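Trainee: coords below, sequence missing:
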């Protein structure tokens with residue numbers, strides 16, 4: 001466990017909690033989804049480390065064990081945080097694995113910093129290319145009405161919202177695909193989130209357009225998604241990202257929900273490790 005400090009001009013320095021397995025293997029940075037923390041990858045870290053990789057997870061600002069500042073929840077700032085981590089740990093030849101909201105930082109990284117430090121990237125159940133349904137993005141899976149309802153429900157009652165959210169997160173057609181204990185573990189991570197951060201990031205991942213960012217992705221790419229994802233539906237996200245990245249690989253996990261790294265860890269880990277070995 002360590003901390004890195006992200007610097008953002010006039011803003012107070014923000015300390016990010018980092019877990020690093022160490023070792024001499026190629027670095028793999030796992031970027032968690034909303035509103036969880038790096039601990040959401042508990043089923044991935046040992047498997048990746050056993051396969052010979054140096055595995056780094058971190059808690060996004062406002063979540064988990066990281067600082068919870070009042071500002072700094074745009075994707076530009078969140079991607080600056082990621083870059084600060086790569087610089088301060090002096091990581092090169094890196095694979096970035098962006099899960100759900102974390103896929104946004106992966107896409108934006110190419111626009112802001114290019115590919116110099118990167119070997120490959122993974123979009124896992126990820127929000128790109130553009131979630132919000134608009135006139136010029138009719139295939140976006142998130143309507144303005146649904147986004148407004150999520151914001152209102154989270155504002156009104158965090159506990160009730162997160163209870164319902166984690167059920168959808170791990171369910172396919174209303175059927176929970178993890179144990180209740182696993183859902184409770186995720187729920188506990190949700191409750192570590194700062195409310196201001198959660199609301200700001202809800203807006204960020206719902207309304208940020210990554211279509212131009214994806215055009216700048218120039219390294220080997222894996223798109224990994226569950227076909228039963230009710231939170232970030234495959235057809236409106238992973239499928240479109242794969243189509244936008246002509247040389248990308250695609251692995252669809254049959255019968256898997258949004259949180260498929262927990263519900264189907266063996267297949268998820270195997271697909272990732274196979275990709276990393278290429």
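Mentor: Alright, I've got the coordinates. The model shown is predicted, which means the values in this text are computed figures rather than measured ones.
Trainee: hang on, residue 61 is in a helix, isn't it?
Mentor: No - judged by DSSP: H, G, I helix; E, B strand; the rest coil, residue 61 forms no part of a helix; its state is coil.
Trainee: show me the contacts for the nearest residue in space to it that is not next to it in sequence.
Mentor: Spatial nearest neighbour of residue 61, excluding adjacent residues (C-beta to C-beta, 6 or more residues apart in numbering): residue 14 at 5.2 Å. (C-beta placed from N, C-alpha, C; glycine too.) Residues near residue 14 by C-beta atoms under 8 Å, 6 or more residues apart in numbering: 5-6, 8, 61, 66-67, 69, 72, 81.
Trainee: Need those residues in a markdown table (columns: pLDDT and secondary structure).
Mentor: A markdown table is the format used below for these (pLDDT from 0 to 100; DSSP: H, G, I helix; E, B strand; the rest coil):
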| residue | pLDDT | secondary structure |
| --- | --- | --- |
| 5 | 87 | strand |
| 6 | 84 | strand |
| 8 | 70 | coil |
| 61 | 97 | coil |
| 66 | 96 | coil |
| 67 | 94 | coil |
| 69 | 93 | coil |
| 72 | 93 | coil |
| 81 | 96 | helix |
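Trainee: Dihedrals phi and psi, the residue nearest to residue 61?
Mentor: phi -120, psi 120 (degrees, to the nearest 10).
Trainee: My guess is residue 67 contacts residue 61. True?
Mentor: Yes - at 6.2 Å, residue 67 counts as touching residue 61 under the criterion of C-beta atoms under 8 Å.
Trainee: more neighbours, these two?
Mentor: More neighbours surround residue 61 than the other of residue 67 and residue 61, with 25 against 19 (other C-beta atoms under 10 Å).
Trainee: any shared contact partners between residue 67 and residue 61?
Mentor: Overlap between the contact sets of residue 67 and residue 61, as judged by C-beta under 8 Å, 6+ apart, is given by 14, 16.
Trainee: Next secondary structure element downstream of the strand or helix carrying residue 79?
Mentor: Using DSSP states H and E, residue 79 falls within helix 75-88. Downstream of helix 75-88, the next assigned helix or strand under DSSP H and E is strand 94-99.
Trainee: Not counting its own residues, what contacts the very next helix or strand once past that following strand?
Mentor: Downstream of strand 94-99, the next assigned helix or strand under DSSP H and E is helix 102-113. For helix 102-113, contacts defined as C-beta under 8 Å, 6+ apart pick out 30-33, 60, 75-76, 78-80, 82-83, 96-98, 118, 121-129, 204-205, 208, 210, 212-214, 216-218, 241.
Trainee: tell me the angle helix 102-113 makes with helix 75-88.
Mentor: Following axes from the mean of the first three to the mean of the last three C-alpha atoms, to 10 degrees, one obtains 80 degrees for the angle between helix 102-113 and helix 75-88.
Trainee: Buried residues in helix 102-113, which are they?
Mentor: Along helix 102-113, these residues count as buried under the neighbour rule (16 or more other C-beta atoms under 10 Å): 102-111, 113.
Trainee: can you give me the helices in this protein?
Mentor: Using DSSP state H, the helices of the chain run over residues 45-50, 75-88, 102-113, 144-156, 158-169, 180-190, 195-207, 211-214, 238-244, 260-263, 265-276.
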